[in-house]
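Visitor: got a predicted model here, sequence first, then my questions.
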Amino acid sequence: MSEFVLHPTLAADSYLLGRVGALQVLLHRSALFPWFMLVPEDAATELHELPPALRAALQALADRLGRFVLRHWACDKLNVAAIGNVVPQLHLHVIGRRQDDALWPRVVWGNVPAGALRSAEEAAAIAARLREAQILG
């Protein structure tokens, strides 16, 4: 099996916060939303192609992360989606939305305005909170 390589677009758009098993936990660089991406370290491009244990781990992590996002950021809605039209590598978005956010009620994909970028220090602080909540190891 070849070594897993994160798609360049995902790498450019996010911070790697850590791994949970064979799942990478990324945080989008936009500071407008709590926007995470979970990336299985697998060649599958569709959810149904994942080995059952990895798919179950992905769903369980998305559930735990989603509950954290809703609670920590007091979000009104949680968007969870695997779109993959622009980036073919399988990744699951977990995005907290609020009725007062910059794009409500529109979708975030392809609509995020420039600027308002999250710093590496803020990403590290969020990773620490995820570790405290036992979401990241």
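Guide: Happy to help now that I have it. Residues are numbered from 1 along each chain as shown.
Visitor: what about stretch 8-25, start to end distance?
Guide: Using C-alpha to C-alpha, to the nearest Å, the end-to-end distance of stretch 8-25 comes to 15 Å.
Visitor: who touches that stretch?
Guide: By C-beta atoms under 8 Å, 6 or more residues apart in numbering, the residues outside stretch 8-25 that reach it are 6, 26-29, 36-42, 54, 57-58, 61, 65, 86-87, 89, 91, 118, 120, 123, 126-127, 130-131, 135-137. Glycine gets a C-beta too; all of them are placed from N, C-alpha and C.
Visitor: how about that stretch: buried residues?
Guide: By 16 or more other C-beta atoms under 10 Å, the buried positions in stretch 8-25 come out as 10, 13-18, 20, 22-25.
Visitor: what comes up buried for stretch 108-124?
Guide: Neighbour-count burial for stretch 108-124 flags 108, 112, 118, 123 (criterion: 16+ other C-beta under 10 Å).
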